[in-house]
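Chemist: Return a 3D structure for these sequence lines:
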Amino acid sequence: MTADGTTDRPAARRPGGRSARVRERVLAATVELVARDGVAGFRYEEVAETAGVHKASVYRNWPDREELVAEALLRYVQELASVADTGDIHRDLVDFLTALAGVLETPFGQSLEKAIQPARNSVTVEALTKALDQRVAALRRRVGTAVERGELPPVDSGFLGEMISGPVHLIVNRGMRSFTREDAERIVGVVLAGIRATARDA
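Modeler: Numbering: from 1, shown residues only. Down below sits the predicted model:
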């Protein structure tokens, strides 16, 4: 009770705060270590050391190592779940492919591409599937808008997404050269031209 008769209350906790900062550092450290050692190679002790936090903080928030990798994965690839709408579907798809390649070409992206192959039912694969589902949904919305505006004829957005993203994975996974914006321009140009030509001939 204060002098003016009101009751003392603890100050409201600010959103985020130290706990949020710890989580961000741990997730960033996980990305760094997975990029270096792969999913199977990193240890909680190294995560804590790299993040500059106590090991107990890592164990407490992520009792399962794969759950930690999954959350780091979802945070890291968040940009893949967005497709801009500038009013130009060609440009937006080119930007989309360029961003996709940018993530896949990072050490973290490469480590995950390799790590998920044998692990069909792991939490990591489920997280990757969730991230990809978000990306497909965003692409579907953008393609749907393009169809409504007359930028594209009616088209299966899932098929379009596979047609344009497949070459990105092929070029990146070969590792012989970097994926360029010119690559994205050519891929999108060919696929959209084919879609429009097919619609005219139907």
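
Chemist: Any regions of this protein where pLDDT drops low?
Modeler: For the chain, the stretches flagged by pLDDT under 70 are 1-18, 77-81, 111-125, 127-128, 131-132, 202.

Chemist: tell me what the longest helix anywhere in the chain is packed against?
Modeler: If you go by DSSP state H, the chain has its longest helix at helix 123-149. Secondary-structure packing of helix 123-149 (3 or more C-beta pairs under 8 Å, 6 or more residues apart in numbering; DSSP states H and E): helix 65-76, helix 89-104, helix 107-115, helix 157-174. C-beta here means a position set from N, CA and C on the backbone, and glycine is covered the same way.

Chemist: Of those helices, give the one that comes closest to Arg142.
Modeler: helix 89-104 (6.1 Å; C-beta to C-beta).

Chemist: Is Val155 in contact with Val147, as I believe?
Modeler: Yes: the pair Val155 / Val147 is scored as a contact, 6.8 Å apart, by C-beta atoms under 8 Å.

Chemist: Looking only at neighbour counts, state which of those two leads.
Modeler: The neighbour count for Val155 versus Val147, taken as other C-beta atoms under 10 Å, is higher for Val155 (19 against 15).

Chemist: How about the contacts made by the more buried one?
Modeler: Contact analysis of Val155 by C-beta atoms under 8 Å, 6 or more residues apart in numbering lists Val143, Val147, Ile195, Ala199.

Chemist: Outline the domain layout of the chain.
Modeler: When the chain is parsed with automatic domain parsing, its domains come out as 17-75, 77-201.

Chemist: The residue nearest to Val26 when sequence neighbours are not counted: neighbouring residues, count only.
Modeler: Leaving aside its sequence neighbours, Val26 sits nearest to Ala51 (C-beta to C-beta, 6 or more residues apart in numbering; 4.7 Å). Other residues near Ala51 number 22, with proximity taken as other C-beta under 10 Å.

Chemist: try Val188
Modeler: Val188: 22 surrounding residues under other C-beta under 10 Å.

Chemist: cool, and Leu139?
Modeler: That count, for Leu139 with other C-beta under 10 Å as the rule, works out to 22.
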